[in-house]
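Undergrad: Only the shape, not the letters, is given here:
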């Protein structure tokens, strides 16, 4: 996917992805701000479960799981080193 504010590379729908994005917060693009790893999930329930487990491990919540756009369901968090990740699924019914 290639858009004005971000570009995404993956090997196919529902697989892991790497995203480069203009930071939403307007701050400089540095480690964890402008780069993100996406973890493909099979369902919204799996996204919810992965995000919940991340919260149990004391990561920083960057966005609760939910629909983001047509067919895209995701939750966002930062790991203990400050790297931004998301867990997502691509489905017509989310």
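TA: Structure received. The model shown is predicted, which means the values in this text are computed figures rather than measured ones.

Undergrad: Tell me how far the closest residue to residue 84 other than its chain neighbours lies from residue 45.
TA: The shortest distance from residue 84 to any residue other than its chain neighbours is 4.5 Å, reached at residue 36 (CB to CB, 6 or more residues apart in numbering). Just so you know, the C-beta spots here come from the backbone N, C-alpha and C atoms, and that holds for glycine as well. According to CB to CB, to the nearest Å, residue 36 and residue 45 sit 22 Å apart.

Undergrad: out of the two, which sits in the busier spot?
TA: Set side by side, residue 36 and residue 45 show more neighbours around residue 36, with 20 against 12, by other CB atoms under 10 Å.

Undergrad: and the gap between that one and residue 63?
TA: Counting by CB to CB, the gap from residue 36 to residue 63 is 11 Å.

Undergrad: which residues do these two both contact?
TA: Common neighbours of residue 36 and residue 63 (criterion: CB atoms under 8 Å, 6 or more residues apart in numbering): 76, 86.

Undergrad: Where do the helices of this protein begin and end?
TA: Ranges of helices in the chain, per DSSP state H, are 44-56.

Undergrad: Could you tell me which strand of it is the longest one?
TA: In the chain, with assignment by DSSP state E, the single longest strand is strand 60-69.

Undergrad: correct me, but residue 66 touches residue 75?
TA: Yes - if you go by CB atoms under 8 Å, residue 66 and residue 75 touch, sitting 7.5 Å apart.

Undergrad: Who has more neighbours out of these two?
TA: Comparing residue 66 with residue 75 by other CB under 10 Å, the one with more neighbours is residue 75, at 26 against 13.

Undergrad: OK, contacts around that one?
TA: 47-48, 50-51, 63-66, 86-88.
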